[in-house]
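A.B. asks: pasting a predicted model and its sequence here:
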Amino acid sequence: MAVGLIIGIPWFKRKDWVALKAIFADAHALHDTYEEWRSSVRKVEHRMREEGHLIERIDLEPESFVQWCALRGLRTDAKARASFASEKARERHPD
């Protein structure tokens, strides 16, 4: 099967869950628990892989993400998380 798009998925570590929710501008829209979030994102990953895409989990750490957003004048929301993950995935696969 040919590889489709390279897709970066923001990945949260369990140890960072509370800190991340505290900094996200849209934390109210996230799942209540880490386990719920992880289950949901794994379903998305599975579907995307079935569609032929290469999925890259991009660790999102609280401090570095806040700095990344500040440098770009972005809110710490879903759009910024997706942009961060896409940028990091492109860095891993520059071709």
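C.D. replies: The structure has been received and is ready for your questions.
A.B. asks: all helices for the protein, in order.
C.D. replies: 17-23, 34-50, 62-72, 78-92 (DSSP state H).
A.B. asks: go through the third one and flag the buried ones.
C.D. replies: Of all the residues in helix 62-72, those buried under the rule 16 or more other Cβ atoms under 10 Å are 62, 65-66, 68-69. In this view, the C-beta of every residue, glycine as well, is placed from N, C-alpha and C.
A.B. asks: and for the longest one?
C.D. replies: By neighbour count with 16+ other Cβ under 10 Å, helix 34-50 contains the buried residues 34, 37, 41, 45, 48.
A.B. asks: quick one: neighbours of Ala85, just the number.
C.D. replies: The number of residues packed near Ala85 is 20, by other Cβ atoms under 10 Å.
A.B. asks: would you confirm that it contacts Pro10?
C.D. replies: Yes: if you go by Cβ atoms under 8 Å, Ala85 and Pro10 touch, sitting 4.5 Å apart.
A.B. asks: got a markdown table for the helices of the chain, with mean pLDDT and distance to Glu56 too?
C.D. replies: A markdown table is the format used below for the helices of the chain (pLDDT from 0 to 100; distance: least, Cβ to Cβ, whole Å):
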| stretch | mean pLDDT | distance to Glu56 |
| --- | --- | --- |
| helix 17-23 | 95 | 19 |
| helix 34-50 | 96 | 10 |
| helix 62-72 | 97 | 16 |
| helix 78-92 | 95 | 4 |
